[in-house]
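Undergrad: okay, sequence plus prediction incoming.
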Amino acid sequence: MSEAGASAGPIAAPPRATGQPERAGRPWLLPLIVSALFWIAVLGVWHAYSLVVPPYQLPGPLAVFARMGDFFTDWALARQLFISIGHVAAAMVIAFAVGAFLAVLPYAFPAFRILVDNRLTPFLNAFS
């Protein structure tokens, strides 16, 4: 076998063309730090603004987190939370079913194409 056809092992990655040094070690660290700083800034702005407005308009983060903890200790609050989540889930299922029905209707029954495409679609698009 000739020298050109012999394999000398794995092929090394080409050098970076951007001129930036390669981040060795922990490439996940910078995004983690940026994300943490972002959320600290959001909480700081939330807290600062909650000191300016009345608590019934915007309670502070500590009050909100304390109240969120009550969902685990107060059965009435947890029950109300589950009822609200159930309402949202039911509304999503109903909206999906109605949307699927309106999408299939003109294809299944061509007579409804004028109704859906010319009348109903522009009306519904007015809300999006």
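TA: Noted; the coordinates are in hand. Numbers count the residues shown, from 1 in each chain.

Undergrad: use CA for all of it now, contacts and neighbours both
TA: OK.

Undergrad: what helices or strands is the lengthiest helix in the chain leaning on?
TA: Secondary structure assigned by DSSP state H gives helix 75-108 as the longest helix of the chain. Packing partners of helix 75-108 (3 or more CA pairs under 8 Å, 6 or more residues apart in numbering; DSSP states H and E): helix 61-73, helix 113-114.

Undergrad: any regions of the protein where pLDDT drops low?
TA: Residue ranges of the chain with pLDDT under 70: 1-10, 12-24.

Undergrad: at 80 instead, please
TA: The model of the chain has pLDDT under 80 over residues 1-25, 128.

Undergrad: circling back to that earlier point, quick check: angle from the longest helix of the chain to helix 61-73?
TA: Interaxial angle, helix 75-108 versus helix 61-73 (axes from the mean of the first three to the mean of the last three CA atoms, to 10 degrees): 90 degrees.

Undergrad: so which bits of helix 75-108 are buried?
TA: For helix 75-108, the neighbour count (16 or more other CA atoms under 10 Å) marks 102, 105-106 as buried.

Undergrad: how far out from the middle of the chain is that helix?
TA: Chain-centre distance of helix 75-108: 19 Å, with CA atoms, centre = their mean, to the nearest Å.

Undergrad: before we move on, the earlier item: single out the most deeply packed of the helices and strands packed on helix 75-108.
TA: Most buried of the helices and strands packed on helix 75-108, by mean neighbour count (mean count of other CA atoms under 10 Å): helix 113-114, with a mean of 15.
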